[in-house]
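*Asks:* Dropping the sequence and predicted coords here.
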Amino acid sequence: EGQDVFEEILELISYFTYYAPVISENMWRLWPMIVQAVHDWAVEYFENILVPLDNYISRGTQRFLQSKDPDYLGSAYALMQRVFTMEVMEEDMIPGP
């Protein structure tokens, strides 16, 4: 449900989190949903997820570091742990420059 437009949604989130003077409460509510999507089914969209996550972290640094409910820092760590420890088929790997 919604996987077919996930890239477009992430692009919109990227714009909203970058161009808004501050990241709104409604936009912060999307963070746990994005992280959960990666854990459940959206790991293949990880490259698209990086831009909005970077915006949340770099433009909302105080909240990102200080919030405990939800724990944005902890969920980011768990997300990176998931991505870096998942098994990848050799044909899915892209060689570095």
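*Replies:* Looks like it arrived, so ask away.

*Asks:* what about Ser24, how many neighbours?
*Replies:* 13 (other Cβ atoms under 10 Å). Placement of C-beta: from N, CA and C, glycine included.

*Asks:* List the contacts of the residue nearest to it when sequence neighbours are not counted.
*Replies:* Setting aside the residues directly before and after it, Ser24 is nearest to Phe16 in space (Cβ to Cβ, 6 or more residues apart in numbering), at 7.8 Å. Shown in contact with Phe16 (Cβ atoms under 8 Å, 6 or more residues apart in numbering): 23-24, 27.

*Asks:* hmm, 10 Å instead?
*Replies:* Residues near Phe16 by Cβ atoms under 10 Å, 6 or more residues apart in numbering: 23-24, 26-27, 30, 52, 55.

*Asks:* Which ones among those residues map onto helices?
*Replies:* Under the assignment DSSP state H, the contacts of Phe16 contribute 26-27, 30, 52, 55 to helices.

*Asks:* What helices and strands are in contact with the helix-or-strand element of the chain with minimal mean pLDDT?
*Replies:* Scoring the helices and strands of the chain by mean pLDDT, DSSP states H and E places helix 72-85 at the bottom, with a mean of 91. Counting contacts by 3 or more Cβ pairs under 10 Å, 6 or more residues apart in numbering; DSSP states H and E, helix 72-85 is packed against helix 30-37, helix 46-59, helix 61-66.

*Asks:* could those helices go into JSON lines alongside distance to Leu10, mean neighbour count and mean pLDDT?
*Replies:* As requested, the helices and strands packed on helix 72-85 are exported to JSON lines (distance: least, Cβ to Cβ, whole Å; neighbours: other Cβ atoms under 10 Å; pLDDT from 0 to 100):
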{"stretch": "helix 30-37", "distance to Leu10": "8", "mean neighbour count": "17", "mean pLDDT": "95"}
{"stretch": "helix 46-59", "distance to Leu10": "5", "mean neighbour count": "17", "mean pLDDT": "94"}
{"stretch": "helix 61-66", "distance to Leu10": "18", "mean neighbour count": "12", "mean pLDDT": "96"}
